[in-house]
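J.: This is a predicted model, with the sequence first.
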Amino acid sequence: MPRKLRKNIRKRKRALKHPIVKLTPQQQLQQQMMNDPTMLQQMSSNPMLLNRVVGAQSGGLRAALLAKMAGYGGAADGTAYNPQSQMNLSSLKNQITDVKKSNIDIQKQISENEKKLEYDRHTKKLNELNVEKKKKEEQLKELSTEEYAKKVSEKAAEVAKMEQDVINLKNHTTQYKVLKDEEIKQKALKTYMDSDEYKKEVEANVKAEKLLQLQNQTVQYENLAQESKNNDAAMQKAMKSAEYIKANNDWLDAQANAKAAQLIGSIRQKYKRMKTVQMKL
């Protein structure tokens, strides 16, 4: 047999001959609870403590602990619980019943206390509201008829001022609209006067005026010729001049008629264009 194997066997034998079990502080406390009658009684009346202690034990220890609490003895460590004590099964059931009754009574008492607190709170709030209502009634009584009339007159003046402001605003709006329309018309007219078409129309008007002056001069010449009929030489000269003037007048009349027709057409187009601009505005 190898030496290492013999050494391991010797270690195992020593460990079996001298078992050393170290318990944690929590396990030691739980072991004390399992052997303490006072703690057992507390656990029987307190289900939360019982669950905390019993739930931390293994299967065998849990059964032994429950057997101890029931009063049957035979714990895992060899100790026996006194079956003649008050911790038997019937007393445990009675205690559980008492605990349930006490819990019901406590719940009823808590419910009554809550209702009472709620009633007190509502009563206090109602009293506060009554006090506030009385204060407001006193304040209303303190207001005299003159103060009320003064407030009414101030309110009426404020309303009248608001109405006047509305009327003024409407008037300003109308004036602004009129000024705006006039400004638009002036801009349109200025744009038209700056255009080449307007300049051509002005030139045509000047030419028409010159033609008119020339026609007036021709009439004057004819009058002079009529006055000089008594003089044959003057008459012949006037006739020659009249023929020349007549031919010239015919040509000028034709030119004037053409210019007048062109001017009338341009004026009509100008009028139509101004109407279109006004309709768009």
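T.: Happy to help now that I have it. Numbers count the residues shown, from 1 in each chain.
J.: What's the mean pLDDT across the lengthiest helix in the chain?
T.: For the chain, the helix reaching the highest residue count under DSSP state H is reported as helix 89-142. Here the mean pLDDT over helix 89-142 is 81, rounded to a whole number.
J.: from here on, count from 28
T.: Got it, first residue is 28 now, which makes that one helix 116-169.
J.: Can you work out which other helices and strands pack against that helix?
T.: Using 3 or more C-beta pairs under 8 Å, 6 or more residues apart in numbering; DSSP states H and E as the contact definition, the elements that helix 116-169 packs against are helix 64-72, helix 86-97. For every residue, glycine as well, the C-beta is placed using N, CA and C.
J.: worst average pLDDT in the ones you listed?
T.: Ranked by mean pLDDT, these bottom out at helix 86-97, with a mean of 61.
J.: For the helix or strand hosting Q242, the averaged confidence score.
T.: With elements taken from DSSP states H and E, the one containing Q242 is helix 223-254. For helix 223-254, the per-residue pLDDT values average out at 78.
J.: got it, and stretch 73-80?
T.: Computed over stretch 73-80, the mean pLDDT rounds to 69.
J.: Walk me through the domains of the chain.
T.: The chain is divided into the following domains under automatic domain parsing: 31-114, 116-169, 172-218, 222-307.
J.: Now the helix holding Q242: buried residues?
T.: Neighbour-count burial for helix 223-254, with 16 or more other C-beta atoms under 10 Å as criterion, is recorded at E228, A231, L238, T245, Y248, E249, A252.
J.: Same list (the residues you listed) but as a markdown table, adding distance to T200.
T.: What follows is these, written out as a markdown table (distance: C-beta to C-beta, whole Å):
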| residue | distance to T200 |
| --- | --- |
| E228 | 38 |
| A231 | 44 |
| L238 | 52 |
| T245 | 61 |
| Y248 | 65 |
| E249 | 65 |
| A252 | 70 |
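J.: Most widely separated two among those residues?
T.: The widest separation within the buried residues of helix 223-254, taken as C-beta to C-beta, falls between E228 and A252 and amounts to 36.4 Å.
J.: and the direction of the helix or strand containing L216 versus that of helix 223-254, what angle?
T.: Element membership for L216, per DSSP H and E: helix 172-220. Calculated by axes from the mean of the first three to the mean of the last three C-alpha atoms, to 10 degrees, helix 172-220 forms an angle of 60 degrees with helix 223-254.
J.: For stretch 292-306, what does the pLDDT average out to?
T.: Across stretch 292-306, the average pLDDT comes to 73.
J.: ok, now stretch 188-195?
T.: In this model, stretch 188-195 has a mean pLDDT of 85.
J.: No more questions from me, cheers.
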